[in-house]
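S.K.: here is a sequence together with a model predicted from it:
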Amino acid sequence: MRAPPAARRAPVHGATVVDPGGNWIRIFPSSKDASREEPSGGRLATALQNAVVIGDSHGDHRQAAKILDGALARAGDAPNVELVEALLYRAELALTLSDRERAGELLARVRAIPLDAAERERLAESLAGADDIEAALAAG
């Protein structure tokens, strides 16, 4: 549907192997050797990353939406870039959950955020995703 938000493009710091018996084995570098990448930004960026893990990795789209709804309610003075990314992922979740009205509301909120040239450039892929969401809503 759309290009993933930056949190979804973050490098994986481990691996999962499933043995023939169906057991999941997770392998991670030792914490002394690994330089763990923390989410850049504030609370909203962290909530977005958590929602992405719950929604995309675990397939629990309702819980991911709940996480983002809470974070967006407390977003206050979050930077525009973080706000747009969170709103667009939440709109994508709304479409996944067949809540077209909510997706439209979120998309309208995104379109109302004033962005400067640098923010538009940074959000180019995500804003193209907004066009995809809009097309999905128009299609029906």
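M.R.: Nice, thanks for sending it over.

S.K.: do I have it right that Ala103 meets Tyr89?
M.R.: No. The criterion here is C-beta atoms under 8 Å, and Ala103 misses it with Tyr89 at 11.3 Å. Glycine gets a C-beta too; all of them are placed from N, C-alpha and C.

S.K.: the more surrounded of the two?
M.R.: Between Ala103 and Tyr89, counting by other C-beta atoms under 10 Å, Tyr89 is the more crowded of the two (26 against 22).

S.K.: how about that one, what does it touch?
M.R.: With contact taken as C-beta atoms under 8 Å, 6 or more residues apart in numbering, Tyr89 is in contact with 5, 48, 51-52, 55, 68.

S.K.: ok, Leu115 touching Leu83?
M.R.: No. At 10.0 Å, Leu115 does not count as touching Leu83 under the criterion of C-beta under 8 Å.

S.K.: look at those two and report which has more neighbours.
M.R.: Counting neighbours by other C-beta under 10 Å for Leu115 and for Leu83 shows that Leu83 has the greater number, 20 against 15.

S.K.: could I have whichever strand or helix holds the more buried one exported to PDB, CA atoms only?
M.R.: Secondary structure assignment for Leu83, by DSSP states H and E: helix 80-96. As requested, C-alpha coordinates have been extracted for helix 80-96 and formatted as PDB (Å, rounded to 0.1, in the frame of the first residue of the first chain):
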ATOM      1  CA  ASN A  80       5.200  17.600  12.400                       C
ATOM      2  CA  VAL A  81       7.200  14.800  10.900                       C
ATOM      3  CA  GLU A  82       6.500  12.400  13.800                       C
ATOM      4  CA  LEU A  83       2.800  13.500  13.800                       C
ATOM      5  CA  VAL A  84       2.400  12.800  10.100                       C
ATOM      6  CA  GLU A  85       4.100   9.400  10.300                       C
ATOM      7  CA  ALA A  86       1.900   8.400  13.200                       C
ATOM      8  CA  LEU A  87      -1.300   9.600  11.700                       C
ATOM      9  CA  LEU A  88      -0.600   7.900   8.400                       C
ATOM     10  CA  TYR A  89       0.200   4.500  10.000                       C
ATOM     11  CA  ARG A  90      -3.000   4.900  12.100                       C
ATOM     12  CA  ALA A  91      -4.900   5.600   8.900                       C
ATOM     13  CA  GLU A  92      -3.400   2.500   7.300                       C
ATOM     14  CA  LEU A  93      -4.500   0.500  10.400                       C
ATOM     15  CA  ALA A  94      -8.000   2.000  10.100                       C
ATOM     16  CA  LEU A  95      -8.200   0.700   6.500                       C
ATOM     17  CA  THR A  96      -6.900  -2.700   7.600                       C
END
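
S.K.: thank you kindly, that will do.
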